[in-house]
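[1] Below: sequence and its predicted model.
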Amino acid sequence: MSDSPDKSIARSPWRLSVAPMLDWTDRHCRYFHRLLTRHTLLYTEMVTTGAILHGDQPRHLDFNEQEHPVALQLGGSEPADLAACAKLAEQWGYDEVNLNCGCPSERVQRGAFGACLMAEPQLVADGVKAMKDAVNRIPITVKHRIGIDKIESYDFVRDFVGTVAEAGCEVFIVHARNAWLQGLSPKENRDIPPLRYELVHQLKREFPHLTIAINGGIKTDDEIAEQLRHVDGVMVGRQAYHEPWQMIGWDQRFFGEANPPAASREAVEALWLDYLDRQVAAGRPWSQAMRHALGLWNGLPGARRWRQVWSDHKLKALSPREVAAMATQARLTAAEIASQHPAFQAPVSV
Ligand SMILES: Cc1cc2nc3c(=O)[nH]c(=O)nc-3n(C[C@H](O)[C@H](O)[C@H](O)COP(=O)(O)O)c2cc1C
């Protein structure tokens, strides 16, 4: 598997994806990411079956047509509930339903789903089967860890994948570290348990007919390409969120497109401003959407000033275009100062 735009590989929907991230990958964020890459698969935040079945369905499920391909991630464990939600997801137009078997939060553990489901592979298999029976055309996939607590053996994750695959799941997205269910916060659980990519590569070797995507700590495009030599896909989380401009090269490098979806950051910003205008016209504060785009200029001089202006609470009552004008002015001024005083460039550009 190479990172050349080989068509057979490029067709895999899981070749590259942006991870589900609670509070982050909402519909605004996904719309923004879609301005930067047309082909990368985008995941929703985790939505619990309870929220969908007993809550405000449009609030949890609505998305923009432009977001395709887009996958709904479910949190839950009761097969009948998962099946009902998968059916709704298909009706709503999602391209995939993904089951969360990797979240270690205490709230999720109390609900007996997320990472603790890795201890109950048969229950996951039953849930997958129920979801598969409930949908007609979309795939059911599972996102999980390599282990829970101190279970370090490869056999544990191999048996989990084997059992769930027997129920008909063909796609596994593996966060290559354990979830420690006691004593670590969800944030610590994304950094402290060591990454063990080799176990995920081993899964691919042992289950060559399954689609195996890897996740966890993967940052640069070269790292993505290196992983694609071993597995079918790479899921990127925090790096994509914090450094969104990196995604502008993905369609060309990983999907064989001749051109990026936008020619410049200015062009992306212009399209994004149109989107913010539509939010305001619909009665929604633009800041809810804008928080996901604050990294657009990262890496260039003036990025910090641009972010500061957009984050200034005193400006929230202005229109997006008024704030954009001020933010651009501040960015260009900071860049100008940085060019005249190279010694100051580093802090300004962070
Ligand atoms: C703010 C935040 C929220 C997250 N929420 C979810 C979630 O809802 N579902 C899920 O499966 N993983 C969630 N994750 C974990 C990510 O999907 C991913 O597995 C993890 O960040 C490791 O990938 P990365 O190193 O590329 O960020 C979340 C991560 C972050 C940073």
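    It's in.
[2] Let's verify the nearest residue in space to D133 that is not next to it in sequence: helix, strand, or coil?
    Take D133 and drop its neighbours on the chain: the residue closest to it by C-beta to C-beta, 6 or more residues apart in numbering is A83, 6.7 Å away. All C-beta spots, glycine's among them, are computed from the backbone N, C-alpha and C. Secondary structure state of A83, per DSSP: H, G, I helix; E, B strand; the rest coil, is helix.
[3] Can we start the residue count at 305 from this point?
    In the new count, where the first residue is 305, that last one comes out as A387.
[4] For the ligand, what is the nearest residue in the protein?
    G541 (2.6 Å; C-beta to the nearest ligand atom).
[5] What backbone torsions are found at the nearest residue to that residue once chain neighbours are set aside?
    Leaving aside its sequence neighbours, G541 sits nearest to A323 (C-beta to C-beta, 6+ apart; 3.4 Å). A323 adopts backbone torsions of phi -70, psi 150, taken as degrees, to the nearest 10.
[6] before we move on, the earlier item: who touches the residue of the chain closest to the ligand in this structure?
    With contact taken as C-beta atoms under 8 Å, 6 or more residues apart in numbering, G541 is in contact with 322-323, 325, 519.
[7] cool, V412 as well?
    Taking C-beta under 8 Å, 6+ apart as the test, what V412 contacts is 379, 404, 418-420.
[8] and whichever strand or helix holds D581, what does it pack onto?
    Secondary structure assignment for D581, by DSSP states H and E: helix 569-585. Contacts defined by 3 or more C-beta pairs under 8 Å, 6 or more residues apart in numbering; DSSP states H and E place helix 569-585 against helix 331-338, helix 590-594, helix 624-644.
[9] And for it, what's in contact with it?
    In contact with helix 569-585 (C-beta under 8 Å, 6+ apart) are residues 332, 335-336, 339-340, 549, 552, 566, 589-590, 592-594, 597, 600-601, 604, 623-625, 628.
[10] what residues does the stretch 405-554 of the chain put near the ligand?
    Counting by C-beta under 6 Å from any ligand atom, the stretch 405-554 of the chain comes close to the ligand at 406-407, 447, 479, 494, 519-522, 540-543.
[11] before we move on, the earlier item: pull the contacting residues for the residue nearest to G541.
    Residues near A323 by C-beta under 8 Å, 6+ apart: 329, 347, 519, 539-541, 544.
[12] Just flag the most distant two among those residues.
    Greatest spatial distance in the contacts of A323: T329 and N519, 13.4 Å, computed using C-beta to C-beta.
[13] Out of the residues of the stretch 405-554 of the chain next to the ligand, list just those in helices.
    Those of these mapping onto helices are 542-543, per DSSP state H.
[14] Return the set of residues that bridge with the closest residue to V374 other than its chain neighbours.
    Closest residue to V374 apart from its sequence neighbours, by C-beta to C-beta, 6+ apart: L346 at 5.0 Å. Here L346 sits in beta bridges with V322, V374, going by DSSP bridges.
[15] right, and the residue nearest to D437 touches A434 too?
    Yes. Using C-beta atoms under 8 Å, A387 makes contact with A434 at a distance of 4.0 Å.
[16] More neighbours: which of the two?
    Neighbour totals were compared for A387 and A434, and A387 leads with 22 against 19 (other C-beta atoms under 10 Å).
[17] now the more buried one: how far from T353?
    A387 is 9 Å from T353, where distance means C-beta to C-beta, to the nearest Å.
[18] Let me see the ranges of the strands in the chain.
    For the chain, the strands defined by DSSP state E occupy 320-322, 345-352, 374-379, 400-405, 444-449, 475-479, 515-519, 537-540.
[19] Okay, angle between the longest one and strand 400-405 too, please.
    Calculated by axes from the mean of the first three to the mean of the last three C-alpha atoms, to 10 degrees, strand 345-352 forms an angle of 50 degrees with strand 400-405.
[20] pLDDT on strand 345-352, on average?
    The average pLDDT within strand 345-352 is 98.
[21] now that strand, how far from the centre of its chain.
    Between the centre of strand 345-352 and the centre of its host chain there is 7 Å, according to C-alpha atoms, centre = their mean, to the nearest Å.
[22] next one: stretch 497-508
    Here stretch 497-508 shows a centroid-to-chain-centroid distance of 20 Å under the convention C-alpha atoms, centre = their mean.
[23] list the buried ones in that stretch?
    497, 499-501, 503-508 (16 or more other C-beta atoms under 10 Å).
[24] returning to that earlier point: in the helix holding D581, what counts as buried?
    For helix 569-585, by 16+ other C-beta under 10 Å, it's 569, 572-573, 576-577, 579-580, 583.
[25] For that helix, output the C-alpha coordinates as PDB.
    Output of helix 569-585 as PDB, limited to C-alpha atoms (Å, rounded to 0.1, in the frame of the first residue of the first chain):
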ATOM      1  CA  ARG A 569      -6.600  30.600   2.700                       C
ATOM      2  CA  GLU A 570      -8.300  33.800   1.500                       C
ATOM      3  CA  ALA A 571     -10.600  31.800  -0.800                       C
ATOM      4  CA  VAL A 572     -11.500  29.500   2.100                       C
ATOM      5  CA  GLU A 573     -12.100  32.400   4.300                       C
ATOM      6  CA  ALA A 574     -14.400  34.000   1.800                       C
ATOM      7  CA  LEU A 575     -16.600  30.800   1.500                       C
ATOM      8  CA  TRP A 576     -16.600  30.500   5.200                       C
ATOM      9  CA  LEU A 577     -17.800  34.100   5.600                       C
ATOM     10  CA  ASP A 578     -20.700  33.300   3.300                       C
ATOM     11  CA  TYR A 579     -21.500  30.400   5.700                       C
ATOM     12  CA  LEU A 580     -21.300  32.600   8.700                       C
ATOM     13  CA  ASP A 581     -23.600  35.100   7.100                       C
ATOM     14  CA  ARG A 582     -26.200  32.300   6.600                       C
ATOM     15  CA  GLN A 583     -25.900  31.400  10.200                       C
ATOM     16  CA  VAL A 584     -26.700  34.900  11.300                       C
ATOM     17  CA  ALA A 585     -29.500  35.100   8.800                       C
END
